[in-house]
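Chemist: can you look at this prediction? I've put the sequence above it.
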Protein chains: 2
Amino acid sequence: MTLRYAARMGKTPRSFIREILKVTESPEVISFAGGLPSPALIKVEGIAEAARSVFETGGAAALQYATTEGYLPLREFIADRYRRRLGLDVGPDEILITNGSQQALDLIGKVFLDAGDAVAIERPGYLGAIQAFSLYEPRFCPVPLEEDGPDCAALERTLGEQDVRLFYGVPNSQNPSGITWSREKREDVASLLDGTGTVFVEDDAYGELRFSGRSLPPVKKYLPDSTVLTGSFSKIAAPGLRMGWICANPEVLDRLVVAKQASDLHSNTLSQRILAQYLTHNDIDAHVREICRVYGRHCTLMSSLIDDLFPDGVSRTEPDGGMFLWVTLPLGFSSMALFERALAEHVAILPGLPFYVDGGGENTVRLNFSNADEDGITEGMHRLARALEA
Amino acid sequence: MTLRYAARMGKTPRSFIREILKVTESPEVISFAGGLPSPALIKVEGIAEAARSVFETGGAAALQYATTEGYLPLREFIADRYRRRLGLDVGPDEILITNGSQQALDLIGKVFLDAGDAVAIERPGYLGAIQAFSLYEPRFCPVPLEEDGPDCAALERTLGEQDVRLFYGVPNSQNPSGITWSREKREDVASLLDGTGTVFVEDDAYGELRFSGRSLPPVKKYLPDSTVLTGSFSKIAAPGLRMGWICANPEVLDRLVVAKQASDLHSNTLSQRILAQYLTHNDIDAHVREICRVYGRHCTLMSSLIDDLFPDGVSRTEPDGGMFLWVTLPLGFSSMALFERALAEHVAILPGLPFYVDGGGENTVRLNFSNADEDGITEGMHRLARALEA
């Protein structure tokens, strides 16, 4: 029996990351390939205690159907934190709880994209967004990423030539590059998009993980009505709870709620309540500071090992936050070949190719510095240096 | 700022059920409108104990990223249960864990439907499926539902006239009607679809909730390769965990996994592990028998109150399982008007209109008998009888 599939399935890349994760799951492999937080920084006991409390005080409600928008105290926590951290004036009625920020991207694609619509995205751009939007069959328009954010002249040309429905970007510690947009770039992007009808999708998965410098205002601050901001608890609490959110003006949020109803009714009630309990009964600011301290040390260590051990002609970014370093090998080097050789040395890396919607990037590599500990990073980077020499 | 939305958003009905649920949330309202399980039949302590055990024995893994396919012991439990209960020979590699069975429908739409494709559906048909598939902009072809399943002559005509991509049905205790397809209808549907390339989407949310008669073989038994079977733990464990699944042949499952990756990476790790622990350390068969006993009593009570209290000319279905009764008022009666009058009497019902993809059904009503207890059913039906008299 041959079944026919929807056209969109031919356009959606299988997640290279998740396929690689399967290869690299064996315990002797040190992995810089995925995007997992450090297991030592997930507060298992604190979350377990929050779960006990939820079951004791409201177990029946935590196991029943609930509203599509999400658990109000959790939405209030998110809105409060935006106000305190970023001076962003949003209320809980502008927050929709999603299954991680990956679902946020799916819902945004559902609500905004018709087949053939133009979607601008940083080059290199986040693979998860490329996948999520691909299901809605857009045309991707890559905007080169410079050291301080997108190439605004290129963005302006793209906006002039095409009716761009969405521009997707990660202004804080971008995935895959680790680059943070400067304040000027944020303002420039906002003023380029203002009044055009193009929606800016601001993915802020890493904004809290800033280990040097001060937090910059989100683009949403400059472009409040047509920015859709997404966030995630995967990096500051626990990814297994699959808790993310969308922050958007009430008119847009209303559409996203309809799409969420049709897609899965609502997010996990129990985990929303456990998370709200955990966040409001623990010192999250202190926990975030601890994460930033550890990831900052990891990043510095990995950076210095690249500088010490890798051959001349290798360059790297200098992240001020997040979980990733971006390495460019000398021209002519293949990161796919390096991936194979590295795996033989029991270290896993992520070739940069799938982050390019228009091809290219054959000599680029994404390295994750959050998951392995310092001994693992040191050992893994020595192994990787050996693979590079070969 | 006027933003432009995708065309699909104009075609997706807002969930009437969920809007009604908001109206009927006040505690003095007895609700027959939703589809909530009885709160008395959710084993809060058993699930809390499973959660404690998960945190004690594997808390770190329960809070980390995990595979898209889902937690293997949970998929093994589902496959085992299919083998034991229904003689269905499936393995865990044919099971994908989803966020409730609503997400199963979304993923099936993603994988199979291009805009304009024909989707056959029972008339009346499940509103959640109409919503989920609407996002993929199909043409719906209603197939009249008779007392023992779909009108197979009408189905045959539809298949002859159109290239039907999916046929969606609920053979056990259908939502909204409570009708169970006969064995003959199951065989006939399978033989009509066999070799056509049309996929049968068999929604089996209620198969375990059978309180009279014996379980019949699923259509998948007769049409194994081109049936995609969906299931849910919302009715036999707890809806707040948002745990459902898809059972399909490995080739189809592979596509569904790609769609799931792009949509939200994977389902909630913690809840999958809690559920697997709960299911394998409690007597689920005894629990399901208890649910069936209670819902059977509720259904009998509601049926006899309809017969005793409602005016002549009202007819109803005779469910042998599930959570819903379907009432047809005399021609000319409006269930929307009854909804308003019933709400004034503090009882909520669900007008049948949104279950008809081609209009009609103005005099039909869906009544839920699982959520209210027996006192609530008795009082609510008296209120409803008063509203009907008015």
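Modeler: Everything's here; your move.
Chemist: from now on I want contacts and neighbour counts done on CA atoms only, so please keep to that.
Modeler: Fine.
Chemist: which stretches of chain A form helices?
Modeler: Taking DSSP state H to define them, one finds helices in chain A at A:16-23, A:44-62, A:72-86, A:100-112, A:127-134, A:152-161, A:183-193, A:219-222, A:250-264, A:269-280, A:284-309, A:335-344, A:374-389.
Chemist: want to throw those into a markdown table with mean pLDDT, distance to chain B and mean neighbour count?
Modeler: Below are the helices of chain A laid out as a markdown table (pLDDT from 0 to 100; distance: least, CA to the nearest CA, whole Å; neighbours: other CA atoms under 10 Å in any protein chain shown):
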| stretch | mean pLDDT | distance to chain B | mean neighbour count |
| --- | --- | --- | --- |
| helix A:16-23 | 67 | 8 | 14 |
| helix A:44-62 | 95 | 6 | 18 |
| helix A:72-86 | 97 | 14 | 17 |
| helix A:100-112 | 98 | 5 | 27 |
| helix A:127-134 | 96 | 5 | 24 |
| helix A:152-161 | 98 | 16 | 15 |
| helix A:183-193 | 98 | 12 | 18 |
| helix A:219-222 | 98 | 14 | 20 |
| helix A:250-264 | 96 | 5 | 22 |
| helix A:269-280 | 98 | 5 | 22 |
| helix A:284-309 | 98 | 16 | 17 |
| helix A:335-344 | 94 | 21 | 19 |
| helix A:374-389 | 97 | 19 | 18 |
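Chemist: including distance to residue B:130, could those go into TSV?
Modeler: Listed next are these as TSV, based on distance: least, CA to CA, whole Å:
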stretch	distance to residue B:130
helix A:16-23	32
helix A:44-62	28
helix A:72-86	28
helix A:100-112	16
helix A:127-134	23
helix A:152-161	37
helix A:183-193	36
helix A:219-222	35
helix A:250-264	9
helix A:269-280	24
helix A:284-309	42
helix A:335-344	44
helix A:374-389	51
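Chemist: of the ones you listed, which approaches residue B:356 most closely?
Modeler: Residue B:356 sits nearest to helix A:250-264 of all the helices of chain A, at 16.8 Å, using CA to CA.
Chemist: which residues touch that closest one?
Modeler: By CA atoms under 8 Å, 6 or more residues apart in numbering or on different chains, the surrounding residues in contact with helix A:250-264 are A:68-69, A:93-96, A:107-108, A:110-111, A:247, A:266, B:9, B:12-15, B:99-103, B:105-106, B:128, B:131-132, B:135.
Chemist: check contacts around the nearest residue to residue A:114 once chain neighbours are set aside.
Modeler: Once flanking residues are discounted, residue A:114 sits nearest to residue B:6: 5.2 Å by CA to CA, 6 or more residues apart in numbering or on different chains. Counting by CA under 8 Å, 6+ apart, residue B:6 touches A:110, A:111, A:112, A:113, A:114.
Chemist: for residue A:359, which non-adjacent residue is spatially closest?
Modeler: Residue A:359's closest residue in space is residue A:353 (CA to CA, 6+ apart), at 6.9 Å.
Chemist: just checking, the one you found touches residue A:334?
Modeler: No. Counting by CA atoms under 8 Å, residue A:334 is not a contact partner of residue A:353; they are 9.9 Å apart.
Chemist: neighbour count winner among the two?
Modeler: Under the criterion of other CA atoms under 10 Å in any protein chain shown, the comparison of residue A:353 against residue A:334 puts residue A:353 first, with 22 against 18.
Chemist: relative to chain B, how far out is the more buried one?
Modeler: 18 Å (CA to the nearest CA, to the nearest Å).
Chemist: list the contacts of that residue.
Modeler: Counting by CA under 8 Å, 6+ apart, residue A:353 makes contact with A:359, A:360, A:361, A:362, A:364.
Chemist: closest to chain B among those?
Modeler: residue A:359 (20.0 Å; CA to the nearest CA).
Chemist: re earlier: what is in contact with residue A:353 and residue A:334 at once?
Modeler: A:362, A:364.
Chemist: about what we covered before: just the pLDDT at the residue nearest to residue A:359, thanks.
Modeler: pLDDT, residue A:353: 94.
Chemist: same thing with residue A:3?
Modeler: 87.
Chemist: what's around it, how many residues?
Modeler: Close neighbours of residue A:3, defined as other CA under 10 Å, add up to 15.
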